[in-house]
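>>> got a sequence here, can you model it:
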Amino acid sequence: MFFRKSISALIMCTFFLSSCVTNTGKGGSLNVGPQMSSNFYKSEVDDKGVPKPKLEVIIPVFDPNIPEDSDTHEEENIWPELRRAEANRFALKLKEALENTEAFGAVRVTPDKSATGDVYILGKINKSNGEEVEIDLQVADISGKVWMDEAFGLTVKEAFHNNLRNQGKDPYDPVFEEAAQKIVDELKYHSAKDLNDLQYLTNLRFGASFSEDAFAQYMEVDGSRAKLVSKPSDDDPMLRRVKAVRVRDQLFVDGLQSHYATFSSKMDDSYLMWQEQALQEVKAEREASDKALKEGLGGALLVGLGIAAAIMGARSDSSNAQNAGIAGAAVGGIAGVTLIQKSFQTSEEAKIHREALNELGQSLDVELAPQVIEFEKQTVKLTGDAKEQFAQWRNFLKKIYAQEATPDKQL
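Model (predicted):
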């Protein structure tokens, strides 16, 4: 009896003590409070097991690819202001897709390709009419080596817009997601050493933009290619100065990101509506044009058959055959002319759809006109003027570098 009571007491104590134990996990780490950064940022390793650094990516605003001949704009369904807005939007879309892969470090949209980063993605809009979208992407690193040059595109189906689950979604998103994954795949071919060298080369090229004499000796430049041949000491005062200035440059470009995001967000509702309506107009125009072509060809065929019937009847010695030929020519001619006239009407219908599509683009042109945004007591214009603003900023950085080059002058 005593033994049974002892066993029962021991079991109860065991349950009591186990309920008081805090689960510390392996290595004694607590599962409460902020987690270690290594839990969030898992570095990929190369085939030698060496962790790969995460590169910084620069995505300049896309080339809108607007033909110089303005007469072709309407024919190709291109509205300049809309295309320029898309050039900003597409760059931001690719940035977001790349960030979702978590394969890179900072991904920044910039006014042009003069910004500093480890990898550059240069985009061009080949087509965008609501139904079809195609972009061309060239990816190169700071050494000038091209990683890939490829086109990505898709055809939007009406079913996308008819699905309520897609409300508020951009039908073009899969294009940027596919492109981002392809770029990540290309990253896998580079070793940890190669990526570390690229990051070092980035600092040297940034420094050479301020003082070429001080940093050119560490690089071998051949045309558009640059190769790291040696490294200055980590304690080199000029290198430290360059890194300090570059941090300020990164902060400036980081500040621009919210402006690009705001610009894209403001155009969201109108742009998504344009995509849906433009798809309908493009499809209607194509169907009307196809219908007009078929009716026109059918009418011409009937007229031709009528003429042939008249000729055959005229050549016949039989009066009945001659009368039949005349009747056939009359019937074929009337039916043919009717179809041809109908094809003209259908062509007018296609023209109406084309004009409606033009009006959609033109109305959005006005709504998406370039905007001036204040940034640290200066203005940034998110089209061509943003490039000029960025150039002014870089000139300002050169002044910073020149001042910090003198020991007794600190900002």
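>>> go ahead and produce CSV holding the CA coordinates of stretch 136-156.
Provided in CSV are the C-alpha atoms of stretch 136-156 (Å, rounded to 0.1, in the frame of the first residue of the first chain):
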residue,chain,number,x,y,z
ASP,A,136,13.4,43.0,-72.1
LEU,A,137,15.9,42.7,-69.2
GLN,A,138,19.6,42.8,-69.3
VAL,A,139,21.4,41.9,-66.1
ALA,A,140,25.0,42.9,-65.5
ASP,A,141,27.3,43.2,-62.5
ILE,A,142,29.6,46.1,-61.5
SER,A,143,32.5,44.5,-63.5
GLY,A,144,30.5,44.9,-66.7
LYS,A,145,29.9,41.1,-67.1
VAL,A,146,26.4,40.4,-68.5
TRP,A,147,24.6,37.7,-66.6
MET,A,148,21.6,37.5,-68.9
ASP,A,149,19.7,39.3,-71.6
GLU,A,150,16.2,37.9,-72.0
ALA,A,151,12.6,38.9,-72.8
PHE,A,152,9.7,38.1,-70.6
GLY,A,153,6.0,38.5,-71.4
LEU,A,154,2.5,37.1,-71.3
THR,A,155,-1.0,37.4,-72.8
VAL,A,156,-3.7,38.4,-70.3
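>>> quick one: mean pLDDT over it.
Average pLDDT, stretch 136-156: 97.
>>> which positions within that stretch qualify as buried?
Of the residues in stretch 136-156, those buried by neighbour count under the rule 16 or more other CB atoms under 10 Å are 136-137, 139-143, 147, 152-153, 156. (C-beta placed from N, C-alpha, C; glycine too.)
>>> same thing with stretch 190-199?
Of the residues in stretch 190-199, those scored as buried under the neighbour-count criterion (16+ other CB under 10 Å) are 190, 192, 195-198.
>>> save those residues as a markdown table, and put in pLDDT and distance to residue 227 too.
Rendered in a markdown table, the data for the buried residues of stretch 190-199 read as follows (pLDDT from 0 to 100; distance: CB to CB, whole Å):
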| residue | pLDDT | distance to residue 227 |
| --- | --- | --- |
| 190 | 94 | 15 |
| 192 | 93 | 18 |
| 195 | 96 | 15 |
| 196 | 95 | 14 |
| 197 | 95 | 9 |
| 198 | 96 | 11 |
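>>> count of neighbours near the residue nearest to residue 387 when sequence neighbours are not counted?
Closest residue to residue 387 in three dimensions, ignoring its sequence neighbours and counting by CB to CB, 6 or more residues apart in numbering: residue 111, at 4.1 Å. Burial of residue 111 is recorded as 26 neighbouring residues (other CB atoms under 10 Å).
>>> relative to residue 285, how far out is residue 111?
Distance check for residue 111 against residue 285: by CB to CB, to the nearest Å, it reads 35 Å.
>>> just residue 279 next, same as before
In this structure, residue 279 and residue 285 are 11 Å apart, going by CB to CB.
>>> for the stretch 1-150 of the chain, what spans make up the strands?
For the stretch 1-150 of the chain, the strands defined by DSSP state E, counting those that start in this stretch cover 57-60, 107-110, 119-128, 132-141, 146-155.
>>> of all those, which one comes closest to residue 263?
If you check each of these against residue 263 by CB to CB, strand 107-110 wins as the nearest, at 10.1 Å.
>>> before we move on, back to that, farthest pair in the buried residues of stretch 136-156?
Distances among the buried residues of stretch 136-156 were taken as CB to CB; the most separated pair is 143 and 156, at 37.7 Å.
>>> I figured the residue nearest to residue 387 hits residue 393, correct?
No - contact between residue 111 and residue 393 fails when scored by CB atoms under 8 Å: they sit 9.8 Å apart.
>>> re the thing from before, can I get the strands of the stretch 1-150 of the chain in TSV with distance to residue 228?
TSV is the format used below for these (distance: least, CB to CB, whole Å):
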stretch	distance to residue 228
strand 57-60	19
strand 107-110	23
strand 119-128	16
strand 132-141	12
strand 146-155	17
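>>> which among these is found nearest to residue 251?
strand 107-110 (11.1 Å).
>>> tabulate the CA atom coordinates of that closest one in CSV.
Extracted in CSV, the C-alpha atoms of strand 107-110 (Å, rounded to 0.1, in the frame of the first residue of the first chain):
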residue,chain,number,x,y,z
VAL,A,107,17.1,46.5,-54.1
ARG,A,108,16.8,50.1,-55.2
VAL,A,109,15.0,51.8,-58.1
THR,A,110,17.0,54.7,-59.5
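>>> so which bits of it are buried?
By neighbour count with 16+ other CB under 10 Å, strand 107-110 contains the buried residues 107-110.
>>> closest one of the residues you listed to residue 83?
Of all the buried residues of strand 107-110, the one sitting nearest residue 83 is residue 109; the distance, using CB to CB, is 16.8 Å.
>>> how about the closest one, what does it touch?
With CB atoms under 8 Å, 6 or more residues apart in numbering as the criterion, the residues that contact residue 109 are 59-61, 88, 91-92, 95, 256-257, 260.
>>> give me the subset of these lying in helices.
Counting by DSSP state H, the part of the contacts of residue 109 found in helices is 88, 91-92, 95, 256-257, 260.
>>> of all the buried residues of stretch 136-156, which comes closest to residue 52?
residue 141 (13.5 Å).
>>> and the closest one, how far from residue 90?
The spacing between residue 141 and residue 90, counted by CB to CB, is 21 Å.
>>> quick check: closest non-adjacent residue to residue 196.
Residue nearest to residue 196 in three dimensions, not counting chain neighbours: residue 53, with 5.7 Å by CB to CB, 6+ apart.
>>> I figured that neighbour was touching residue 192, is that so?
Yes - taking contact to mean CB under 8 Å, the distance of 7.1 Å between residue 53 and residue 192 places them in contact.
>>> just the pLDDT for residue 237.
On pLDDT, residue 237 comes in at 89.
>>> which one (most neighbours) among the contacts of residue 109?
When neighbours are taken as other CB under 10 Å, the top entry among these is residue 59 (26 neighbours).
>>> much appreciated, bye for now.
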